[in-house]
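Peer 1: Give me coordinates for this.
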Amino acid sequence: MKIWIDADACPGAIKEIVFKAAERVKVQTHLVANQHIKSPPSAYISSIVVPKGFDAADAYIVQNISENDLVITADIPLADLVVKKGAIAINPRGELYNEGNITERLSMRNFTQVLREGGLIQGGPPQFGAGDKQKFASTFDKYLNILIKKDKLKL
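Peer 2: Here you go, the predicted model:
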């Protein structure tokens, strides 16, 4: 089991939560981005730099994840691919993406993108706040523990 972070746009507060958990439970954690992302020195945390290019980090994550991995991403198309590979995807605001909701989230994302391109709506999601951090920590902890138990059962 590994943790993967789509690190280009992941808030620092979320990375800190994941870093602490990686050390606590001794799980390999990879930050993937097209530039070096600062991380604390650790045997469990690594920064993977992919070539610049559209969705290069996403492609790397999808190629390297396994069924019982956990991916943190705000990128809904990436979350869709993660769920299809049997891994768990959580966004930095604490929303779990799963087979039951990913198709709807992807459709909404595509619809709002069309509206933005047509100038009918502007802006993006609300600013990241303390409530988002708390919700993420709760969801992350729950699914991290589920995956740890599954991983131990495989041994």
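Peer 1: Flag every buried residue along stretch 17-31.
Peer 2: 17-19, 21-22, 27, 29-31 (16 or more other C-beta atoms under 10 Å). Every residue, glycine included, has its C-beta placed from N, CA and C.
Peer 1: How far does that stretch stretch from one end to the other?
Peer 2: End-to-end distance for stretch 17-31, by C-alpha to C-alpha, to the nearest Å: 13 Å.
Peer 1: what's next to the helix or strand of the chain with the lowest mean pLDDT, contact-wise?
Peer 2: Each helix and strand of the chain was given a mean pLDDT (mean pLDDT, DSSP states H and E); the minimum falls on helix 102-117 at a mean of 74. Residues from elsewhere that reach helix 102-117 (C-beta atoms under 8 Å, 6 or more residues apart in numbering): 76-77, 79-80, 83, 89, 97, 121-122.
Peer 1: all strands in the protein, in order from the N-terminus.
Peer 2: Secondary structure of the chain (DSSP state E): strands located at 2-6, 28-33, 45-49, 70-72, 88-90, 96-97.
Peer 1: Tabulate those strands in JSON lines, adding columns for mean pLDDT and distance to Asn64.
Peer 2: Below are the strands of the chain laid out as JSON lines (pLDDT from 0 to 100; distance: least, C-beta to C-beta, whole Å):
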{"stretch": "strand 2-6", "mean pLDDT": "98", "distance to Asn64": "8"}
{"stretch": "strand 28-33", "mean pLDDT": "97", "distance to Asn64": "8"}
{"stretch": "strand 45-49", "mean pLDDT": "97", "distance to Asn64": "9"}
{"stretch": "strand 70-72", "mean pLDDT": "98", "distance to Asn64": "10"}
{"stretch": "strand 88-90", "mean pLDDT": "96", "distance to Asn64": "14"}
{"stretch": "strand 96-97", "mean pLDDT": "94", "distance to Asn64": "18"}
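Peer 1: any chance of the ones you listed in TSV, with distance to Glu117 too?
Peer 2: Below are the strands of the chain laid out as TSV (distance: least, C-beta to C-beta, whole Å):
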stretch	distance to Glu117
strand 2-6	23
strand 28-33	26
strand 45-49	31
strand 70-72	27
strand 88-90	25
strand 96-97	24
